[in-house]
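Asks: Next one to model:
(2 chains)
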There are 2 protein chains.
Amino acid sequence: MINIVIDGFGGDNSPHCILKGCENALKEKQDISLSIVGDKDKLKRAADEIKVDLKNFNIVESNSIIKSDEEPSKIIKELKDSSMAVGLLELKCGNADAFVSAGNTGALAIASSTFVGRIKGIKRAALAPVMPSKQGCFILLDAGANLNCRSDMLSQFALMGSIYMQKVLNINNPRIGLANIGVEKNKGTDELKQTYEILDKLNFLNFIGNIEARDVPLGECDVVVADGFSGNMILKSMEGTCIFLIETLKDIFLTSSKTKISALLIKNELAKLKEKMDYTEYGGAILLGISKPVIKAHGSSDANAIKNAIFQARKCVVENIVDEISNNLSKMSEVLKHE
Amino acid sequence: MINIVIDGFGGDNSPHCILKGCENALKEKQDISLSIVGDKDKLKRAADEIKVDLKNFNIVESNSIIKSDEEPSKIIKELKDSSMAVGLLELKCGNADAFVSAGNTGALAIASSTFVGRIKGIKRAALAPVMPSKQGCFILLDAGANLNCRSDMLSQFALMGSIYMQKVLNINNPRIGLANIGVEKNKGTDELKQTYEILDKLNFLNFIGNIEARDVPLGECDVVVADGFSGNMILKSMEGTCIFLIETLKDIFLTSSKTKISALLIKNELAKLKEKMDYTEYGGAILLGISKPVIKAHGSSDANAIKNAIFQARKCVVENIVDEISNNLSKMSEVLKHE
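Replies: Numbers count the residues shown, from 1 in each chain, chains lettered A, B, ... in the order given. As a prediction, the model looks like this:
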């Protein structure tokens, strides 16, 4: 049995959507047990409202919450009793195999490193969302946990992203690209040039070189490596551009009765487009590099997004990606030592 | 009369589209004269092919070309006789008021600073494209000319972008945003924190604070300030996402006869969307900070894009943005001195 612990009070729609998502997850997978962290009375009231049976879950008591706009570092001391912190401590002490939260991203990154710890040898944990692309999807890391990154960190991101795509999303020999302002080897900052050199030596990885941000949404690689600042720019620009275009399209379909008929005729196909663009289908963003799987679900997650994040956590445990990362890290050190 | 000099051999469609674009520009504006730089014989042959009368232009001879994939720094020595370099030297020596090229971006940035020079007091010239947004358009600077930028450079970018939007695109009191991973004042790198401090003091500018990349395409500000690396990530991610979505939409419209009818019904409105997304409507990217207007038209520019870039160059001369920048730079120093 895989035990996954879930922050009952993270995200805009908690705890209702958390409860519903957990219930749906349990219905579909028989090899998981779920623990929900939070105020028992509040969970009980919410569960009653939406007719979810709390008996199916293990409830872990916590009476405070770290809000999404709160200073992340508060979780280390003042809010060490928050639902997020308590969930991570459950993970730490071995009561759970993976953790899911839709709460404060910065706090989750800090608390995961502090309470649970990183995989031995990993310099930094990276926030790694999976995004849709023209050719399917790609993982982007780091998307914002580390502003500046040295080449050893970026190289580890490449390794971790590759393992994730292989094991969790079944992509064979994932193509790794280094986000840069041009494809030539000598482009970009010194850190990027050094990272290029390192990745070029690791023959067991499929490093395809630098990638321009334009080719990221076009799906030219499966793993996009960037420092947290640049990665955040890519992630959020893509997000904003999607919203901009889809809203503009909506306005266009509402222009006249003619365009409204057009919209009706293409309704089903547009729903499919929306589904394709919905990155919660892939779950949340994993914090790659933490010694146990920690998933950050989107703040606006609905029950379905929570369910997908739980399945993602389950898959990470089943595929044992932490050990996979650890083993490949040794392989990486070995190759670089013999250079 | 405003004299604009144009690189006859820059961009994928040169010299044909350059010639056609120049002809169209002359038809619409009576206060400009145009000089085209390039190999006279080749220009003559191309002009004959597309029935453009070369007599309307001043031809400036140059027999070499810097290709778009060539090492940019070559323009300083080996390719000092290229059409791009010769055009910039025309600008330098006072034979022209502005320069337009669709050629090698890196070479144009280097050669503009080297041959023409920066406005006195300006630390770095920024590549500044105007992009469409949900609320109209915005200028992004720097989009890739300077990888790393100090806070004094970023502050100058804010000033120059604001003047451009005001003078050339008639935006009243342009909202300036600093691209960052969060809106809070204390977010991002030290350079960004310092830039925030500086811009916050300049009351004659409309600094609205940090802006997340997600809000850039949504049009939450008119001037987006970033270092060249981050700016490039935003620009190219937006570009790639647009292509991704529009191509996916095309596929959707081709799914069945039902969707094809839907496409027919909305054809005109979709053409308007395409027009809205076409950033060549705003001309090319200006190199802000050079002591005379230098416009980088897109490499794939057609005749219309070239015409728009010429009009943009003309407007920059008419509005005298170089002097405007210079005067406001003094104002900026004055404010910061009294702090």
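
Asks: which ones are touching the residue positioned nearest the centre of chain A?
Replies: Centroid-nearest residue in chain A, with CA atoms, centre = their mean: A:Ala285, separated by 0.7 Å. Contacts for A:Ala285 (CB atoms under 8 Å, 6 or more residues apart in numbering or on different chains) come out as A:127-130, A:143, A:295-296. (C-beta placed from N, C-alpha, C; glycine too.)

Asks: can you pick the most crowded of the residues you listed?
Replies: Among these, A:Lys296 has the most neighbours (other CB atoms under 10 Å in any protein chain shown), with 30 neighbours.

Asks: What are the phi and psi values at it?
Replies: phi -100, psi 110 (degrees, to the nearest 10).

Asks: beta partners of it?
Replies: Under DSSP bridges, the beta-bridge partners of A:Lys296 are A:Ser101, A:Ala285.

Asks: need the helices for chain A, in chain order.
Replies: Taking DSSP state H as the criterion, chain A contains helices spanning A:16-28, A:40-49, A:83-92, A:105-111, A:151-167, A:190-201, A:228-253, A:257-277, A:303-318, A:321-337.

Asks: on that earlier part again, please tabulate the contacts of A:Ala285 in CSV, including the columns distance to A:Lys167 and pLDDT.
Replies: Shown next, in CSV, are the contacts of A:Ala285 (distance: CB to CB, whole Å; pLDDT from 0 to 100):
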residue, distance to A:Lys167, pLDDT
A:Leu127, 18, 97
A:Ala128, 13, 97
A:Pro129, 17, 96
A:Val130, 13, 95
A:Ala143, 20, 96
A:Ile295, 15, 97
A:Lys296, 19, 97
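
Asks: So which of those sit within strands?
Replies: Using DSSP state E, the subset of the contacts of A:Ala285 located in strands is A:127-128, A:130, A:295-296.

Asks: from those, which single one is nearest A:Ile198?
Replies: A:Ile198 lies nearest to A:Ala128 out of the ones in strands among the contacts of A:Ala285, by CB to CB, at 19.1 Å.

Asks: Just confirm the closest one contacts A:Asn146, I think it does.
Replies: No. Taking contacts as CB atoms under 8 Å, A:Ala128 lies outside contact range of A:Asn146: 11.7 Å.

Asks: Let me have the helices of chain A in JSON lines, adding mean neighbour count, distance to A:Lys74 and mean pLDDT as columns.
Replies: Output for the helices of chain A, formatted as JSON lines (neighbours: other CB atoms under 10 Å in any protein chain shown; distance: least, CB to CB, whole Å; pLDDT from 0 to 100):
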{"stretch": "helix A:16-28", "mean neighbour count": "21", "distance to A:Lys74": "21", "mean pLDDT": "97"}
{"stretch": "helix A:40-49", "mean neighbour count": "15", "distance to A:Lys74": "21", "mean pLDDT": "96"}
{"stretch": "helix A:83-92", "mean neighbour count": "25", "distance to A:Lys74": "10", "mean pLDDT": "97"}
{"stretch": "helix A:105-111", "mean neighbour count": "25", "distance to A:Lys74": "7", "mean pLDDT": "96"}
{"stretch": "helix A:151-167", "mean neighbour count": "24", "distance to A:Lys74": "25", "mean pLDDT": "98"}
{"stretch": "helix A:190-201", "mean neighbour count": "18", "distance to A:Lys74": "31", "mean pLDDT": "96"}
{"stretch": "helix A:228-253", "mean neighbour count": "22", "distance to A:Lys74": "20", "mean pLDDT": "93"}
{"stretch": "helix A:257-277", "mean neighbour count": "16", "distance to A:Lys74": "34", "mean pLDDT": "85"}
{"stretch": "helix A:303-318", "mean neighbour count": "23", "distance to A:Lys74": "24", "mean pLDDT": "96"}
{"stretch": "helix A:321-337", "mean neighbour count": "15", "distance to A:Lys74": "27", "mean pLDDT": "94"}
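
Asks: right, and the ones you listed - which one's nearest B:Asn170?
Replies: With CB to CB as the measure, helix A:228-253 is the member of the helices of chain A nearest B:Asn170 (22.3 Å).

Asks: What is that closest one packed up against?
Replies: strand A:136-141, strand A:175-179, helix A:257-277, helix B:228-253, helix B:257-277 (3 or more CB pairs under 8 Å, 6 or more residues apart in numbering or on different chains; DSSP states H and E).

Asks: Recalculate using a threshold of 6 Å.
Replies: Judged by 3 or more CB pairs under 6 Å, 6 or more residues apart in numbering or on different chains; DSSP states H and E, helix A:228-253 is in contact with helix A:257-277, helix B:228-253.

Asks: chain center to it, what's the gap?
Replies: Remark: helix A:228-253 is offset 18 Å from the chain centroid, using CA atoms, centre = their mean, to the nearest Å.

Asks: do the same with stretch A:26-40
Replies: Here stretch A:26-40 is found 20 Å from its chain centre; the criterion is CA atoms, centre = their mean.

Asks: Kindly export that stretch (C-alpha atoms) in CSV.
Replies: What follows is stretch A:26-40, C-alpha atoms only, in CSV (Å, rounded to 0.1, in the frame of the first residue of the first chain):
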residue,chain,number,x,y,z
LEU,A,26,-9.4,6.3,-3.9
LYS,A,27,-12.2,5.1,-6.2
GLU,A,28,-9.8,4.7,-9.1
LYS,A,29,-6.7,3.2,-7.5
GLN,A,30,-6.8,0.4,-5.0
ASP,A,31,-3.1,0.4,-4.0
ILE,A,32,-3.1,3.8,-2.2
SER,A,33,-4.1,5.0,1.2
LEU,A,34,-4.6,8.7,1.9
SER,A,35,-3.9,10.9,4.9
ILE,A,36,-5.4,14.4,4.9
VAL,A,37,-3.8,17.1,7.2
GLY,A,38,-5.9,19.8,8.7
ASP,A,39,-8.4,20.9,11.4
LYS,A,40,-10.6,17.9,12.0
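
Asks: who's in contact with that stretch?
Replies: With CB atoms under 6 Å, 6 or more residues apart in numbering or on different chains as the test, stretch A:26-40 has contacts from A:1-9, A:22, A:56-63, A:83, A:86-87, A:314.

Asks: Then stretch A:42-60?
Replies: Stretch A:42-60 is contacted by residues A:8, A:15-16, A:19-20, A:23, A:26, A:34-37, A:40 when judged by CB under 6 Å, 6+ apart.

Asks: Out of the residues you listed, give me the two with the largest separation.
Replies: Using CB to CB, the pair of the contacts of stretch A:42-60 lying farthest apart is A:Leu26 and A:Lys40, separated by 18.9 Å.

Asks: List the residues that contact the residue of the stretch 1-150 of chain A found nearest chain B.
Replies: The nearest approach of the stretch 1-150 of chain A to chain B comes at A:Lys134, 4.8 Å away (CB to the nearest CB). Counting by CB under 6 Å, 6+ apart, A:Lys134 touches A:218-219, B:244.

Asks: Could you export stretch A:299-309 as PDB, keeping only the C-alpha atoms?
Replies: Extracted in PDB, the C-alpha atoms of stretch A:299-309 (Å, rounded to 0.1, in the frame of the first residue of the first chain):
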ATOM      1  CA  GLY A 299      -3.300  26.900  -6.400                       C
ATOM      2  CA  SER A 300      -6.500  26.900  -8.400                       C
ATOM      3  CA  SER A 301      -6.800  23.200  -8.500                       C
ATOM      4  CA  ASP A 302     -10.200  21.600  -8.700                       C
ATOM      5  CA  ALA A 303     -11.000  18.000  -7.500                       C
ATOM      6  CA  ASN A 304      -9.700  16.600 -10.800                       C
ATOM      7  CA  ALA A 305      -6.400  18.400 -10.600                       C
ATOM      8  CA  ILE A 306      -6.000  17.100  -7.000                       C
ATOM      9  CA  LYS A 307      -6.800  13.600  -8.100                       C
ATOM     10  CA  ASN A 308      -4.200  13.900 -10.900                       C
ATOM     11  CA  ALA A 309      -1.600  15.200  -8.500                       C
END
